[in-house]
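**Student:** what's the 3D shape of this:
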Amino acid sequence: MQFLLNPHRTHCSSIAISANSKISHFSRLGQIENARTVFDELPNKTIVSWNSIIAGYFQNRQPVKACQLFDSMPERNLISWNNLVSGYVKNGMINEARKVFDIMPERNVVSWTAMVRGYVQEGIMSEAEKLFLQMPERNVVSWTVMLGGLIRDCRVDDARRLYDMMPEKDVVARTNMILGFCQAGQLEEAREIFDEMPKKNVFSWTTMISGYVHNNKVDIARKLFEVMPEKNEVSWTAMLMGYTQCGRIQDAWELFQAMPVKSVVACNAMILGLGRNGEAKKARDVFDQMWEKDDATWSAMIKVYERKGSVLKVIDLFSLMQSEGVRLNFPSLISVLSVCASLASLDHGRQIHAQLVRHQFDFDVYVASVLITMYIKCGDLMKAKQVFDRFPSKDIVMWNSIITGYAQHGLGEEAFQVFHEMFSSGVMPDDVTFVGVLSACSYTGKVQEGRTFFESMKSKYLVEPNTAHYACMVDLLGRAGQVSEAMKFIESMPTEPDAIVWGSLLGACRIHSKLDLAEVAAKKLVRLEPRNAGPYILLSNIYASQGRWRDVAEIRKKMKAIKVTKSPGCSWIKVEKKVHMFTGAGVSHPEHAVIMQMLEKLGGLLREVGYCPDGSFVLHDVDDEEKVHSLRYHSEKMAVAYGLLKLPEGMPIRVMKNLRVCGDCHSAIKLISKVTGREIILRDANRFHHFKDGLCSCRDYW
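**Tutor:** So this is what the prediction gives:
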C-alpha cells in the first residue's frame, strides 16, 4: 500500500541511488568532472550524494574542492565527518585531518582508526600510539593498523607484544606479523605463526615464501611454493626473484618458462638476472617478446647492455625508445648519458640533456656533473663550461669535473684558474681535484707548477697524497724527460708503488728510449698484472725501436705461452645518428672501398706538403699496425677519412680511439686539418687533441 501511496518518492529515491552509483563510478575512473555533472543535475541531493562527490574529489587528489563542498553541505552525518578525516589522510594532509578529528561532534571506531592510520602512514608513530591508547573501543582493523605501523617502523618486538594482546587475530594481522618477523630475519617465529594459521590466503603463502627468499633460503621457499594450494602472479614473481637475486639463473629460467602468466615485473627481473649472468641476447629475447613494457623494462635492458659494454646497443635502444615515444626515467637517462660520454655521441647527449631540462632534472648538481663530464668527453668544452657556470652553488664533484676536463683538453692554465676559483669560493679540494690539477701539469709540461701543487697538498690543503698522485708526478717528470728523477720519486714513495705508477714510468721510458729503466718497470708490472698486455707491448716496442728483434720474439713467445691478449685498436665516429667503428685495415665497413679511395687521395695531398710516414711508430699497440705499409690503415685515419666523406663542411670531425694515438697518425692528422681546412677533434685513451690549421692543441707534447 505504501508503494501505491508514495510512487513519486520511491522514484526519486531510485534516481538518487542510480546517480550516487554514477558519481562513485566516474570518481574511480578519474573522471571527476563527469561525476560533478551528475551531482549538479540531481534535483534532490541526499546526504549520500554529498558524501559521494566529496569522497570523489578526495580520491582524485582535489582536497580543496572537497573541503569547499563539505562546508556547503546543508546537513552532515558521522559518515560525512569520517569522509573528511579519511580524505585528508589519503592526501597526506595529517594536520588538517587532526583539526577535523578534534572538532567532530561525535566519533566512532572508524574515526579513531582513520586518524591512527594517518599517523602510521606519515611515520609519526608516537602520535599513533598515543591516539591508539586513548581509543574508547577498538576493532580488528584498529589493532591491525597499529600492528602494521610498528612493523613498518622495524619494531618487531613491540609488534609481537601488541600481536599477543589482540583479542582477535584475522588473516591480515597474522600475515603482517609474519612479514615483520621475516624482515627481522626471525624465520622460525614467522613460520610458527604461519603454521598455526587456521586459514591462509595467497598473500600469507606469498609473504612466507618472500621471507625465505629475502633471507637467502631459496630452496625452502621453493618447497613451500610447490605445496601452495593456489598461486598468483606475485607468488610466481617472488619465487623467480629469489633465484635471480642469488644468481641461480638456470633455475630462474626454468621457472620463468613454466609461469602461466609472465607479469611485467617477472620479465624485468628475468632480464636483469640474465644480464648479470652475461646473457644479453637471451635478455633481449625476453624484452622483445613482452607485449607490455614499463619504465623498469627499458631501464633493465639499458642496464644489461651497459654492464655488458655494448654501448652501441644502448644507443640503438635509446633511438628505438625515441621512435616509440617512450619517456626515459631518471636512472635510464643517466645511464644513456654515461654511454653517450663513453662513445662521444654528442647528438644523443644533447637529446638527453633536452629531456633532463624538460623534466627539470638539470637543476640537480649530480645531473649537472654528469652533463659536464658528457660534454667534456664529447669534446664540447664550451658547452660543459656553460652547464658549469649556470650553477651558483657548485659541489666538489662539479669543480672536479671541469678541472679534469680542462686537463684532458691540455688547457693547463684554465685548469689552474678554476682550481684557485674553487678554493676562493670556500670549497676545499679533495684527492680527485689534485689528480686533475697534476694531470693538467703533466699534459702541458709544467714541471715546476706540478711540484708546487704536490708539495702543497698536505701542508696547505690537508690532502694526503695517494698512489694516484704519485703516478701523476711520475708521468709529469717522465714526459718532461726527467726519467731518472721519476725513478727516484718512486723510490721515495711511502707506500708500495702500484701498476699505475710503474705504467707511467714505462710510458716515459718508451718516449725517451730509456731501456734500462723500462725493463725494471716492465718486470714490476708483469709481477703486479701478469694478464695485462700493456707492459709486454711497450717493452716489445722499445726493443723493436732499437733493432733487438730476438728480444721482441722472446716477449711475443712469452705472451703466447701464457695466453695474454691485447685490446685491438679501434676508432669510431658518429655520422647520421649511427656510430661507425673501424679496426685497422679491416674491410668490415660496407663503404670500405670509398674510404680507401679517400685515404689514397689524402696520401697524395700529404706528400705534396712534405709528409713522410714515420716507421718508428709501426710497433705501437696493435698487431695490424706493425708493418710500415699499414700506417695509412690505422683506425683513426680511416675514421677521419670517413668523416671527411660524410660530414658537411664547417662541422668538426669527432673521432674516438680506445688506445693512445700513434705519433705518425698525430703528424698526419695535423696536416690533414691543414690541407682540408677541417677541424678534427680526436679523443684517445689519455686525452683530447684538437687539430686545426695544421696545429694540435697539445702542442705536440703528449
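**Student:** count of residues packed around the nearest residue to M93 once chain neighbours are set aside?
**Tutor:** Among residues not flanking M93 along the chain, P63 sits closest, at 6.2 Å (C-beta to C-beta, 6 or more residues apart in numbering). (C-beta placed from N, C-alpha, C; glycine too.) Neighbour count for P63, taken as other C-beta atoms under 10 Å: 19.
**Student:** show the residue spans covered by the helices in the stretch 601-702 of the chain.
**Tutor:** Here the stretch 601-702 of the chain has its helices, by DSSP state H, counting those that start in this stretch, at 635-646, 663-676.
**Student:** CA atoms only: put the longest one into CSV for me.
**Tutor:** Taking only C-alpha atoms (Å, rounded to 0.1, in the frame of the first residue of the first chain), the coordinates of helix 663-676 have been written out as CSV:
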residue,chain,number,x,y,z
GLY,A,663,102.9,9.6,-33.4
ASP,A,664,102.6,9.0,-37.2
CYS,A,665,98.8,9.5,-37.1
HIS,A,666,99.2,12.5,-34.9
SER,A,667,101.5,14.1,-37.5
ALA,A,668,99.3,13.0,-40.4
ILE,A,669,96.0,14.3,-38.9
LYS,A,670,97.7,17.7,-38.2
LEU,A,671,98.4,18.0,-41.9
ILE,A,672,95.0,16.7,-42.9
SER,A,673,93.4,19.5,-40.9
LYS,A,674,95.6,21.9,-42.9
VAL,A,675,95.1,20.6,-46.4
THR,A,676,91.3,20.1,-46.0
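**Student:** that one to helix 635-646, inter-axis angle?
**Tutor:** 20 degrees (axes from the mean of the first three to the mean of the last three C-alpha atoms, to 10 degrees).
**Student:** one step back: so which of the helices of the stretch 601-702 of the chain is the most surrounded?
**Tutor:** helix 635-646 (a mean of 24; mean count of other C-beta atoms under 10 Å).
**Student:** so how far is that helix off the chain centroid?
**Tutor:** Chain-centre distance of helix 635-646: 32 Å, with C-alpha atoms, centre = their mean, to the nearest Å.
**Student:** need the contact list for the nearest residue to A480 once chain neighbours are set aside.
**Tutor:** Of all residues not flanking A480 in the chain, V447 sits nearest, at 5.0 Å (C-beta to C-beta, 6+ apart). Contacts for V447 (C-beta atoms under 8 Å, 6 or more residues apart in numbering) come out as 441, 476-477, 480, 482.
**Student:** derive a PyMOL selection command for the buried subset of those residues.
**Tutor:** Provided next is the PyMOL selection string for whichever of those are buried by 16 or more other C-beta atoms under 10 Å:
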select buried, resi 441+476+477+480+482
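**Student:** save the contacts of V447 as TSV, and put in pLDDT too.
**Tutor:** Listed next are the contacts of V447 as TSV, based on pLDDT from 0 to 100:
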residue	pLDDT
C441	94
L476	94
L477	94
A480	91
Q482	93
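**Student:** looking at the contacts of V447, which is nearest M457?
**Tutor:** The shortest gap between M457 and any of the contacts of V447 belongs to C441, at 12.6 Å (C-beta to C-beta).
**Student:** quick revisit: who wins for proximity to Y461 among the helices of the stretch 601-702 of the chain?
**Tutor:** For the helices of the stretch 601-702 of the chain, the distance to Y461 is smallest for helix 663-676, at 35.3 Å, taking C-beta to C-beta.
**Student:** which strands and helices sit next to the closest one?
**Tutor:** Contact analysis of helix 663-676 by 3 or more C-beta pairs under 8 Å, 6 or more residues apart in numbering; DSSP states H and E lists helix 592-608, helix 635-646, strand 680-683, strand 688-692, strand 695-696 as its packing neighbours.
**Student:** adding distance to S52 and mean pLDDT, write these out as a markdown table.
**Tutor:** Listed next are the helices and strands packed on helix 663-676 as a markdown table, based on distance: least, C-beta to C-beta, whole Å; pLDDT from 0 to 100:
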| stretch | distance to S52 | mean pLDDT |
| --- | --- | --- |
| helix 592-608 | 72 | 90 |
| helix 635-646 | 65 | 93 |
| strand 680-683 | 64 | 92 |
| strand 688-692 | 66 | 91 |
| strand 695-696 | 75 | 91 |
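**Student:** next, format these as CSV and append distance to S345.
**Tutor:** Listed next are those as CSV, based on distance: least, C-beta to C-beta, whole Å:
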stretch, distance to S345
helix 592-608, 21
helix 635-646, 14
strand 680-683, 12
strand 688-692, 16
strand 695-696, 23
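**Student:** to C246, which of the ones you listed lies closest?
**Tutor:** Ranking those by proximity to C246 (C-beta to C-beta) places strand 680-683 first, at 40.4 Å.
**Student:** for that closest one, packing partners?
**Tutor:** Applying 3+ C-beta pairs under 8 Å, 6+ apart, we find strand 680-683 packed against helix 635-646, strand 653-657, helix 663-676, strand 688-692.
**Student:** a markdown table please, covering these and showing distance to K560.
**Tutor:** Formatted as a markdown table, the helices and strands packed on strand 680-683 follow (distance: least, C-beta to C-beta, whole Å):
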| stretch | distance to K560 |
| --- | --- |
| helix 635-646 | 24 |
| strand 653-657 | 26 |
| helix 663-676 | 27 |
| strand 688-692 | 33 |
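**Student:** ok, which of these comes nearest E106?
**Tutor:** strand 653-657 (74.1 Å).
**Student:** adjacent strands (with direction) for the closest one?
**Tutor:** Here strand 653-657 is paired, per DSSP bridges, with strand 571-575 (antiparallel), strand 680-683 (parallel).
**Student:** quick one, what contacts G445?
**Tutor:** Counting by C-beta under 8 Å, 6+ apart, G445 touches 479-480, 701.
**Student:** swap the cut-off to 6 Å and go again
**Tutor:** By C-beta atoms under 6 Å, 6 or more residues apart in numbering, the contact list for G445 reads 480, 701.
**Student:** okay, and the closest residue to A266 other than its chain neighbours sits in which element?
**Tutor:** Distances taken as C-beta to C-beta, 6+ apart place T237 nearest to A266, at 4.4 Å, with adjacent residues excluded. Assessed by DSSP states H and E, T237 sits inside helix 233-245.
**Student:** what comes up buried for the helix or strand that that helix is followed by?
**Tutor:** Following helix 233-245 in sequence order, the next helix or strand is helix 249-258 (DSSP H and E). Buried positions in helix 249-258, judged by neighbour count with 16+ other C-beta under 10 Å: 249, 251-253, 255-256.
**Student:** out of those, flag the one nearest to E529.
**Tutor:** I249 (30.2 Å).
**Student:** how many residues are close by the closest residue to the closest one other than its chain neighbours?
**Tutor:** The spatially closest residue to I249, leaving aside those adjacent along the chain, is N277, at 4.4 Å (C-beta to C-beta, 6+ apart). For N277, the neighbour count with other C-beta under 10 Å is 18.
**Student:** low-confidence ranges in the chain?
**Tutor:** Scanning the chain for pLDDT under 70 picks out 1-17, 328, 566-567, 584-587, 613-632, 702.
**Student:** show me the domain layout of it.
**Tutor:** Annotated domains of the chain cover 466-562, 570-696 [the TED database].
**Student:** including distance to M290, could these go into JSON lines?
**Tutor:** Converted to JSON lines, the domains of the chain look like this (distance: least, C-beta to C-beta, whole Å):
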{"stretch": "domain 466-562", "distance to M290": "39"}
{"stretch": "domain 570-696", "distance to M290": "25"}
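**Student:** and those: which comes nearest N44?
**Tutor:** For N44, the closest of those is domain 570-696, at 64.2 Å, according to C-beta to C-beta.
**Student:** can you measure across the closest one, start residue to end residue?
**Tutor:** With C-alpha to C-alpha, to the nearest Å applied, domain 570-696 spans 21 Å between its terminal residues.
**Student:** want to throw the buried residues of helix 249-258 into CSV with distance to H353?
**Tutor:** Formatted as CSV, the buried residues of helix 249-258 follow (distance: C-beta to C-beta, whole Å):
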residue, distance to H353
I249, 36
D251, 42
A252, 37
W253, 38
L255, 41
F256, 37
